[in-house]
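> Sequence plus predicted model, see below.
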Amino acid sequence: MVRLGRRRAESHRAFTGCADCHDNGRPIVRRIREEFVSGTRLGKLEVFRLSHEAAGRDATLTVRRAQTAPRQSVSFEFVDARTVRLLPEGTLPAPGSIYELHYDATNPRVQALDSLPRAI
């Protein structure tokens, strides 16, 4: 159920990030998957910007030409906790190919404000 109004807007402003979100006192870390396609509506990509901060460097990157094509491993490196690039340095993603990154993400953003207590 979507609730609109001032109270929701105030709650949203109060929870734009989740630096204090924890799982029983530990930072939240979950394995996630992201897809990137260069040369589409986002333009030609030189690096892949992650939706979440990487908790470590244990990750796998694959590429495929089409949804049903087999995945092939790709060499890459983390530029920082939210950016990866292909190796060797200077390699650009093939336009139209689907790059799939699996990595451990941390510091998630709050997505479902309706599940928060209303005493905020």
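Right, received. Where do you want to start? Bear in mind the structure is a predicted one, so any value in this text is a computation, not a measurement.
> where do the strands sit along this structure?
22-23, 26-27, 29-37, 48-49, 53-64, 72-73, 76-80, 83-86, 98-106 (DSSP state E).
> In TSV: those, plus distance to residue 92.
The C-beta positions use only the backbone N, C-alpha and C, and glycine is treated the same way. Formatted as TSV, the strands of the chain follow (distance: least, C-beta to C-beta, whole Å):
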stretch	distance to residue 92
strand 22-23	37
strand 26-27	33
strand 29-37	12
strand 48-49	11
strand 53-64	12
strand 72-73	16
strand 76-80	12
strand 83-86	7
strand 98-106	11
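> Pick out the shakiest of the ones you listed, pLDDT-wise.
Mean pLDDT values for the strands of the chain show the minimum at strand 22-23, a mean of 70.
> How about the contacts made by the residue lying closest to residue 79 once chain neighbours are set aside?
Of all residues not flanking residue 79 in the chain, residue 85 sits nearest, at 5.6 Å (C-beta to C-beta, 6 or more residues apart in numbering). Shown in contact with residue 85 (C-beta atoms under 8 Å, 6 or more residues apart in numbering): 46-48, 76-77, 79, 91.
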